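Participant: One predicted model, sequence on top.
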Number of protein chains: 2
Amino acid sequence: MEKRNKVFIATSLDGYIADKDGGLDWLFSIPNPDQVDMGYESFMSEVDAIVMGRVTFETVCGFDCPWPYTKPVFILSASLESIPEEFTGKAELVKGTIPKIVEQLNWRGYHRLYIDGGNTIQNFLKEDLIDDLIITTIPVLLGGGYTLFGDLVQPLDFEYVSSKVYLDKVPQIRYKRKRD
Amino acid sequence: MEKRNKVFIATSLDGYIADKDGGLDWLFSIPNPDQVDMGYESFMSEVDAIVMGRVTFETVCGFDCPWPYTKPVFILSASLESIPEEFTGKAELVKGTIPKIVEQLNWRGYHRLYIDGGNTIQNFLKEDLIDDLIITTIPVLLGGGYTLFGDLVQPLDFEYVSSKVYLDKVPQIRYKRKRD
(Lines give C-alpha, C1' and ligand atoms only; values in the text may rest on other atoms or scores of the structure.)
Protein backbone atom coordinates (compact mmCIF):
# COMPACT_ATOMS: atom_id res chain seq x y z
CA MET A 1 0.00 0.00 0.00
CA GLU A 2 1.18 3.48 -0.81
CA LYS A 3 2.80 5.24 2.10
CA ARG A 4 1.40 8.68 2.78
CA ASN A 5 1.70 11.12 5.64
CA LYS A 6 -1.33 13.36 5.96
CA VAL A 7 -2.26 16.55 7.73
CA PHE A 8 -5.87 17.41 8.53
CA ILE A 9 -6.08 20.62 10.46
CA ALA A 10 -8.02 23.84 10.91
CA THR A 11 -6.35 27.23 10.85
CA SER A 12 -7.50 30.79 11.14
CA LEU A 13 -7.51 32.90 7.99
CA ASP A 14 -4.11 34.21 9.07
CA GLY A 15 -2.68 30.72 9.49
CA TYR A 16 -2.80 30.17 13.24
CA ILE A 17 -3.74 26.86 14.88
CA ALA A 18 -4.04 28.35 18.37
CA ASP A 19 -4.54 31.92 19.53
CA LYS A 20 -2.06 34.04 21.49
CA ASP A 21 -2.98 32.25 24.73
CA GLY A 22 -2.94 28.82 23.10
CA GLY A 23 -6.75 28.92 23.05
CA LEU A 24 -8.95 27.03 20.59
CA ASP A 25 -12.35 28.64 21.27
CA TRP A 26 -12.30 30.38 17.87
CA LEU A 27 -12.40 26.90 16.25
CA PHE A 28 -15.94 26.57 17.51
CA SER A 29 -17.08 30.07 16.59
CA ILE A 30 -19.14 28.89 13.59
CA PRO A 31 -22.59 27.71 14.68
CA ASN A 32 -22.77 23.97 14.06
CA PRO A 33 -26.02 22.74 15.60
CA ASP A 34 -25.93 19.38 13.79
CA GLN A 35 -22.28 18.83 14.70
CA VAL A 36 -21.18 18.44 11.09
CA ASP A 37 -17.75 16.81 11.37
CA MET A 38 -16.24 18.71 8.41
CA GLY A 39 -14.84 15.56 6.87
CA TYR A 40 -13.11 14.25 9.99
CA GLU A 41 -14.57 10.72 10.01
CA SER A 42 -14.00 10.37 6.29
CA PHE A 43 -10.41 11.51 6.75
CA MET A 44 -9.90 9.10 9.66
CA SER A 45 -10.94 6.26 7.37
CA GLU A 46 -7.97 7.22 5.15
CA VAL A 47 -5.36 6.63 7.85
CA ASP A 48 -3.92 3.67 9.75
CA ALA A 49 -2.48 5.51 12.72
CA ILE A 50 -1.97 8.95 14.25
CA VAL A 51 1.37 10.55 15.05
CA MET A 52 1.45 13.56 17.34
CA GLY A 53 3.79 15.42 19.63
CA ARG A 54 3.66 15.66 23.40
CA VAL A 55 1.88 19.03 23.45
CA THR A 56 -1.00 17.79 21.30
CA PHE A 57 -1.16 14.54 23.28
CA GLU A 58 -1.44 16.45 26.56
CA THR A 59 -4.06 18.75 25.03
CA VAL A 60 -6.15 15.74 23.96
CA CYS A 61 -5.69 14.13 27.39
CA GLY A 62 -7.03 17.35 28.92
CA PHE A 63 -10.24 17.38 26.85
CA ASP A 64 -13.30 16.60 28.90
CA CYS A 65 -14.31 13.64 26.76
CA PRO A 66 -13.46 9.96 26.33
CA TRP A 67 -10.29 9.06 24.39
CA PRO A 68 -11.31 10.18 20.89
CA TYR A 69 -9.24 7.88 18.69
CA THR A 70 -10.12 4.45 17.35
CA LYS A 71 -6.75 3.99 15.66
CA PRO A 72 -3.30 3.58 17.22
CA VAL A 73 -1.71 6.84 18.38
CA PHE A 74 2.04 7.33 18.48
CA ILE A 75 3.49 10.10 20.61
CA LEU A 76 6.73 11.72 19.49
CA SER A 77 8.55 13.09 22.49
CA ALA A 78 12.13 13.56 23.56
CA SER A 79 11.12 14.55 27.10
CA LEU A 80 8.35 12.08 28.01
CA GLU A 81 9.72 8.88 29.54
CA SER A 82 6.51 6.93 29.46
CA ILE A 83 2.84 7.24 28.63
CA PRO A 84 0.56 7.64 31.67
CA GLU A 85 -0.86 4.26 32.62
CA GLU A 86 -4.46 5.13 31.76
CA PHE A 87 -3.42 5.55 28.11
CA THR A 88 -1.65 2.22 27.78
CA GLY A 89 -3.06 0.37 24.80
CA LYS A 90 -4.25 3.67 23.34
CA ALA A 91 -1.07 5.66 22.83
CA GLU A 92 2.52 4.54 22.46
CA LEU A 93 5.69 6.56 22.89
CA VAL A 94 8.08 6.60 19.93
CA LYS A 95 11.59 8.01 19.90
CA GLY A 96 14.19 8.79 17.27
CA THR A 97 14.49 10.91 14.18
CA ILE A 98 11.34 11.50 12.17
CA PRO A 99 12.51 9.53 9.10
CA LYS A 100 13.41 6.56 11.35
CA ILE A 101 10.09 6.70 13.17
CA VAL A 102 8.16 6.77 9.88
CA GLU A 103 10.23 3.84 8.62
CA GLN A 104 9.47 1.84 11.77
CA LEU A 105 5.75 2.60 11.65
CA ASN A 106 5.62 1.71 7.95
CA TRP A 107 7.42 -1.54 8.72
CA ARG A 108 4.83 -2.31 11.40
CA GLY A 109 2.10 -1.91 8.75
CA TYR A 110 1.02 1.67 9.40
CA HIS A 111 1.37 3.14 5.94
CA ARG A 112 -1.02 6.06 6.04
CA LEU A 113 -0.21 8.33 8.95
CA TYR A 114 -2.20 11.25 10.30
CA ILE A 115 0.41 13.74 11.42
CA ASP A 116 -0.99 16.13 14.02
CA GLY A 117 0.14 19.05 16.13
CA GLY A 118 1.94 22.23 15.10
CA ASN A 119 5.51 21.28 16.01
CA THR A 120 5.20 17.78 14.64
CA ILE A 121 3.75 18.98 11.34
CA GLN A 122 6.52 21.58 11.02
CA ASN A 123 9.16 18.95 11.75
CA PHE A 124 7.70 16.57 9.17
CA LEU A 125 7.62 19.37 6.60
CA LYS A 126 11.27 20.17 7.33
CA GLU A 127 12.03 16.57 6.32
CA ASP A 128 9.68 16.88 3.31
CA LEU A 129 7.65 14.01 4.73
CA ILE A 130 4.12 15.38 4.26
CA ASP A 131 2.19 14.11 1.24
CA ASP A 132 -1.34 15.40 1.82
CA LEU A 133 -2.51 18.62 3.40
CA ILE A 134 -6.20 19.10 4.16
CA ILE A 135 -6.67 22.57 5.54
CA THR A 136 -9.93 23.89 6.92
CA THR A 137 -10.05 27.67 7.24
CA ILE A 138 -12.00 29.36 9.99
CA PRO A 139 -12.68 32.86 8.65
CA VAL A 140 -11.21 34.87 11.50
CA LEU A 141 -8.03 36.92 11.66
CA LEU A 142 -6.60 36.09 15.07
CA GLY A 143 -3.76 38.57 14.70
CA GLY A 144 -1.27 36.38 16.53
CA GLY A 145 -0.78 32.93 18.01
CA TYR A 146 0.83 29.64 17.06
CA THR A 147 1.34 29.28 13.32
CA LEU A 148 0.70 26.09 11.41
CA PHE A 149 3.65 26.53 9.08
CA GLY A 150 7.22 27.32 10.00
CA ASP A 151 10.49 28.12 8.32
CA LEU A 152 11.79 25.87 5.59
CA VAL A 153 15.20 25.79 3.94
CA GLN A 154 13.66 25.10 0.53
CA PRO A 155 10.17 25.85 -0.80
CA LEU A 156 7.89 22.82 -1.21
CA ASP A 157 5.50 22.67 -4.14
CA PHE A 158 2.03 21.34 -3.52
CA GLU A 159 -0.83 20.75 -5.90
CA TYR A 160 -4.49 21.64 -5.49
CA VAL A 161 -6.66 18.50 -5.34
CA SER A 162 -10.18 19.48 -4.30
CA SER A 163 -12.22 21.76 -2.10
CA LYS A 164 -15.42 21.76 -0.10
CA VAL A 165 -17.35 24.27 1.92
CA TYR A 166 -18.92 23.13 5.19
CA LEU A 167 -21.98 24.81 6.68
CA ASP A 168 -21.78 27.35 3.82
CA LYS A 169 -19.14 29.07 5.93
CA VAL A 170 -16.01 27.00 6.27
CA PRO A 171 -13.84 26.24 3.24
CA GLN A 172 -11.61 23.19 3.24
CA ILE A 173 -8.95 22.60 0.62
CA ARG A 174 -6.97 19.46 -0.06
CA TYR A 175 -3.46 19.71 -1.49
CA LYS A 176 -0.92 17.01 -2.26
CA ARG A 177 2.82 17.27 -2.45
CA LYS A 178 4.03 17.73 -6.01
CA ARG A 179 7.17 15.71 -6.45
CA ASP A 180 8.97 15.93 -9.78
CA MET B 1 -22.91 54.07 -2.84
CA GLU B 2 -21.70 51.72 -0.16
CA LYS B 3 -18.14 52.37 0.91
CA ARG B 4 -15.93 49.29 0.84
CA ASN B 5 -12.23 48.72 1.09
CA LYS B 6 -11.11 45.60 -0.72
CA VAL B 7 -8.06 43.39 -0.86
CA PHE B 8 -7.31 41.20 -3.89
CA ILE B 9 -4.04 39.40 -3.44
CA ALA B 10 -2.21 36.13 -3.96
CA THR B 11 -0.35 34.38 -1.18
CA SER B 12 1.59 31.19 -0.84
CA LEU B 13 -0.01 28.32 1.04
CA ASP B 14 1.91 29.49 4.11
CA GLY B 15 0.64 33.05 3.81
CA TYR B 16 3.54 34.90 2.19
CA ILE B 17 3.16 37.59 -0.45
CA ALA B 18 6.87 37.68 -1.31
CA ASP B 19 9.63 35.16 -0.71
CA LYS B 20 12.64 35.58 1.59
CA ASP B 21 14.40 37.75 -1.01
CA GLY B 22 11.27 39.77 -1.78
CA GLY B 23 10.88 37.72 -4.98
CA LEU B 24 7.59 37.07 -6.76
CA ASP B 25 8.65 34.36 -9.26
CA TRP B 26 6.65 31.72 -7.38
CA LEU B 27 3.48 33.68 -8.29
CA PHE B 28 4.02 32.61 -11.87
CA SER B 29 4.90 28.99 -11.15
CA ILE B 30 1.53 27.65 -12.34
CA PRO B 31 1.50 27.22 -16.13
CA ASN B 32 -0.96 29.75 -17.54
CA PRO B 33 -0.59 29.64 -21.34
CA ASP B 34 -3.85 31.52 -21.97
CA GLN B 35 -2.99 34.18 -19.40
CA VAL B 36 -6.15 33.60 -17.39
CA ASP B 37 -6.40 36.71 -15.20
CA MET B 38 -7.80 34.86 -12.16
CA GLY B 39 -10.58 37.36 -11.68
CA TYR B 40 -8.42 40.49 -11.78
CA GLU B 41 -10.36 42.43 -14.44
CA SER B 42 -13.65 41.53 -12.84
CA PHE B 43 -12.31 42.67 -9.48
CA MET B 44 -11.02 45.93 -10.97
CA SER B 45 -14.53 46.67 -12.21
CA GLU B 46 -15.62 46.56 -8.54
CA VAL B 47 -13.37 49.42 -7.45
CA ASP B 48 -13.11 53.17 -8.04
CA ALA B 49 -9.48 53.67 -7.10
CA ILE B 50 -6.37 51.92 -5.82
CA VAL B 51 -4.52 52.72 -2.61
CA MET B 52 -1.02 51.35 -2.14
CA GLY B 53 2.13 52.05 -0.17
CA ARG B 54 5.45 53.30 -1.46
CA VAL B 55 7.03 49.84 -1.67
CA THR B 56 4.27 48.47 -3.88
CA PHE B 57 4.28 51.64 -5.99
CA GLU B 58 8.02 51.34 -6.57
CA THR B 59 7.62 47.64 -7.38
CA VAL B 60 4.96 48.44 -9.99
CA CYS B 61 7.12 51.27 -11.41
CA GLY B 62 9.93 48.73 -11.79
CA PHE B 63 7.85 46.26 -13.82
CA ASP B 64 8.89 46.10 -17.44
CA CYS B 65 5.45 47.00 -18.75
CA PRO B 66 3.27 50.07 -19.32
CA TRP B 67 1.48 51.60 -16.31
CA PRO B 68 -1.04 48.83 -15.55
CA TYR B 69 -3.87 50.78 -13.95
CA THR B 70 -6.87 52.42 -15.60
CA LYS B 71 -8.21 53.83 -12.34
CA PRO B 72 -6.72 56.51 -10.08
CA VAL B 73 -3.91 55.30 -7.85
CA PHE B 74 -3.18 56.88 -4.47
CA ILE B 75 0.20 56.35 -2.86
CA LEU B 76 0.43 56.32 0.91
CA SER B 77 3.87 57.39 1.99
CA ALA B 78 5.39 59.29 4.87
CA SER B 79 8.80 59.44 3.19
CA LEU B 80 8.03 60.27 -0.45
CA GLU B 81 7.84 64.00 -1.07
CA SER B 82 6.46 63.83 -4.56
CA ILE B 83 5.51 61.38 -7.28
CA PRO B 84 8.09 61.10 -10.09
CA GLU B 85 7.02 63.34 -12.96
CA GLU B 86 6.34 60.50 -15.39
CA PHE B 87 3.57 59.25 -13.10
CA THR B 88 1.77 62.57 -12.78
CA GLY B 89 -1.87 62.07 -13.71
CA LYS B 90 -1.54 58.37 -12.94
CA ALA B 91 -0.65 58.28 -9.27
CA GLU B 92 -1.15 60.83 -6.52
CA LEU B 93 0.56 61.08 -3.16
CA VAL B 94 -1.70 61.09 -0.10
CA LYS B 95 -0.64 61.81 3.47
CA GLY B 96 -2.21 61.50 6.88
CA THR B 97 -3.73 58.80 9.03
CA ILE B 98 -5.47 55.96 7.26
CA PRO B 99 -8.97 56.84 8.51
CA LYS B 100 -8.47 60.45 7.35
CA ILE B 101 -7.20 59.37 3.94
CA VAL B 102 -10.17 57.03 3.45
CA GLU B 103 -12.53 59.81 4.50
CA GLN B 104 -10.95 62.20 1.98
CA LEU B 105 -11.05 59.68 -0.86
CA ASN B 106 -14.66 58.82 -0.07
CA TRP B 107 -15.49 62.55 -0.05
CA ARG B 108 -13.87 62.86 -3.49
CA GLY B 109 -16.19 60.12 -4.76
CA TYR B 110 -13.93 57.08 -4.50
CA HIS B 111 -16.08 54.77 -2.44
CA ARG B 112 -14.75 51.36 -3.37
CA LEU B 113 -11.03 51.19 -2.76
CA TYR B 114 -8.58 48.48 -3.77
CA ILE B 115 -6.08 48.36 -0.94
CA ASP B 116 -2.80 46.85 -2.07
CA GLY B 117 0.63 46.04 -0.66
CA GLY B 118 1.55 44.12 2.47
CA ASN B 119 2.21 47.03 4.83
CA THR B 120 -0.78 49.00 3.64
CA ILE B 121 -3.12 46.03 4.00
CA GLN B 122 -1.79 45.34 7.51
CA ASN B 123 -2.24 48.99 8.47
CA PHE B 124 -5.81 49.04 7.16
CA LEU B 125 -6.57 45.83 9.07
CA LYS B 126 -5.18 47.37 12.26
CA GLU B 127 -7.79 50.11 11.82
CA ASP B 128 -10.45 47.49 10.97
CA LEU B 129 -10.90 49.20 7.61
CA ILE B 130 -10.97 46.17 5.31
CA ASP B 131 -14.40 44.94 4.18
CA ASP B 132 -13.60 42.39 1.47
CA LEU B 133 -10.72 39.95 1.21
CA ILE B 134 -10.20 38.00 -2.00
CA ILE B 135 -7.30 35.66 -1.50
CA THR B 136 -5.77 33.53 -4.22
CA THR B 137 -3.59 30.72 -2.94
CA ILE B 138 -0.56 29.53 -4.88
CA PRO B 139 0.01 25.98 -3.61
CA VAL B 140 3.61 26.32 -2.51
CA LEU B 141 5.12 26.44 0.96
CA LEU B 142 7.75 29.17 0.70
CA GLY B 143 8.98 28.58 4.23
CA GLY B 144 9.68 32.26 4.87
CA GLY B 145 9.23 35.72 3.42
CA TYR B 146 6.91 38.66 3.81
CA THR B 147 3.59 37.71 5.36
CA LEU B 148 0.25 39.07 4.19
CA PHE B 149 -1.20 39.32 7.68
CA GLY B 150 0.35 40.92 10.72
CA ASP B 151 -0.34 41.31 14.41
CA LEU B 152 -3.69 42.61 15.56
CA VAL B 153 -4.78 43.75 19.00
CA GLN B 154 -8.20 42.16 18.55
CA PRO B 155 -9.31 39.27 16.33
CA LEU B 156 -11.45 40.26 13.33
CA ASP B 157 -14.27 37.97 12.21
CA PHE B 158 -14.76 37.47 8.51
CA GLU B 159 -17.39 35.51 6.65
CA TYR B 160 -16.97 33.13 3.73
CA VAL B 161 -18.66 34.47 0.59
CA SER B 162 -17.64 32.33 -2.37
CA SER B 163 -14.79 30.42 -3.95
CA LYS B 164 -13.41 29.57 -7.36
CA VAL B 165 -10.59 27.47 -8.71
CA TYR B 166 -8.56 28.83 -11.60
CA LEU B 167 -6.73 26.58 -14.06
CA ASP B 168 -7.85 23.60 -11.92
CA LYS B 169 -4.91 24.49 -9.70
CA VAL B 170 -5.35 27.80 -7.96
CA PRO B 171 -8.11 28.28 -5.39
CA GLN B 172 -9.44 31.75 -4.69
CA ILE B 173 -11.70 32.53 -1.76
CA ARG B 174 -13.69 35.67 -1.09
CA TYR B 175 -14.44 36.70 2.49
CA LYS B 176 -16.20 39.74 3.87
CA ARG B 177 -15.84 41.39 7.23
CA LYS B 178 -18.51 40.25 9.65
CA ARG B 179 -19.62 43.22 11.69
CA ASP B 180 -22.17 42.65 14.43
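Facilitator: Ah, there it is. Numbers count the residues shown, from 1 in each chain, chains lettered A, B, ... in the order given.
Participant: Report the beta-bridge partner residues of the nearest residue to residue A:168 once chain neighbours are set aside.
Facilitator: Once flanking residues are discounted, residue A:168 sits nearest to residue B:160: 7.2 Å by Cβ to Cβ, 6 or more residues apart in numbering or on different chains. In short, each C-beta sits where N, CA and C put it, glycine included. Residues in a beta bridge with residue B:160, per DSSP bridges, are residue B:175.
Participant: Tell me, how many residues neighbour residue B:160?
Facilitator: Neighbour count for residue B:160, taken as other Cβ atoms under 10 Å in any protein chain shown: 22.
Participant: Now for the residue most central in space within chain A: which residues touch it?
Facilitator: Geometric centre of chain A, nearest residue: residue A:116, 2.5 Å, by Cα atoms, centre = their mean. Shown in contact with residue A:116 (Cβ atoms under 8 Å, 6 or more residues apart in numbering or on different chains): A:7-9, A:50-52, A:56.
Participant: want to throw the residues you listed into TSV with secondary structure, pLDDT and distance to residue B:107?
Facilitator: Converted to TSV, the contacts of residue A:116 look like this (DSSP: H, G, I helix; E, B strand; the rest coil; pLDDT from 0 to 100; distance: Cβ to Cβ, whole Å):
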residue	secondary structure	pLDDT	distance to residue B:107
A:7	strand	98	48
A:8	strand	98	49
A:9	strand	98	45
A:50	strand	98	57
A:51	strand	98	57
A:52	strand	97	55
A:56	helix	92	52
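Participant: After the lowest-mean-pLDDT helix or strand in chain A, which helix or strand is next?
Facilitator: In chain A, the helix or strand scored least confidently by mean pLDDT, DSSP states H and E is helix A:54-62, which has a mean of 90. Downstream of helix A:54-62, the first helix or strand assigned by DSSP states H and E is strand A:73-76.
Participant: which other helices and strands contact that following strand?
Facilitator: strand A:49-53, helix A:54-62, strand A:91-94, helix A:98-107 (3 or more Cβ pairs under 8 Å, 6 or more residues apart in numbering or on different chains; DSSP states H and E).
Participant: out of the ones you listed, nearest to chain B?
Facilitator: Of all the helices and strands packed on strand A:73-76, helix A:98-107 sits nearest to chain B, with 16.7 Å by Cβ to the nearest Cβ.
Participant: tell me the mean pLDDT for that closest one?
Facilitator: Mean per-residue pLDDT for helix A:98-107: 98.
Participant: tilt between the next helix or strand after that helix and helix A:98-107?
Facilitator: Using DSSP H and E, the helix or strand that follows helix A:98-107 in sequence is strand A:112-116. Put simply, strand A:112-116 runs at 140 degrees to helix A:98-107, going by axes from the mean of the first three to the mean of the last three Cα atoms, to 10 degrees.
Participant: Pull up the residues of chain A that are close to chain B.
Facilitator: A:12-15, A:19, A:26, A:29, A:125, A:133, A:135, A:137, A:139-144, A:148-160, A:163, A:165, A:168-171, A:173, A:175, A:178 (Cβ under 8 Å from any Cβ of the partner chain).
Participant: mind redoing it with 6 Å?
Facilitator: Contact residues (Cβ under 6 Å from any Cβ of the partner chain) of chain A with chain B: A:14-15, A:139-144, A:149, A:151-152, A:155-160, A:163, A:169, A:171, A:173, A:175.
Participant: In strands, which of those residues fall?
Facilitator: Among the residues of chain A next to chain B, DSSP state E puts A:140-141, A:156-160, A:163, A:171, A:173, A:175 in strands.
Participant: which SS state does residue A:122 fall under?
Facilitator: helix (DSSP: H, G, I helix; E, B strand; the rest coil).
Participant: which residue packs closest to it, ignoring adjacent ones?
Facilitator: Counting by Cβ to Cβ, 6+ apart, the nearest residue to residue A:122 once its immediate chain neighbours are dropped is residue A:150, at 3.9 Å.
Participant: Need the pLDDT of that neighbour.
Facilitator: The confidence metric pLDDT takes the value 97 at residue A:150.
Participant: How much space separates it from residue A:86?
Facilitator: Applying Cβ to Cβ, to the nearest Å, the value for residue A:150 to residue A:86 is 32 Å.
Participant: do the same with residue A:165
Facilitator: Distance of residue A:165 to residue A:86, given as Cβ to Cβ: 39 Å.
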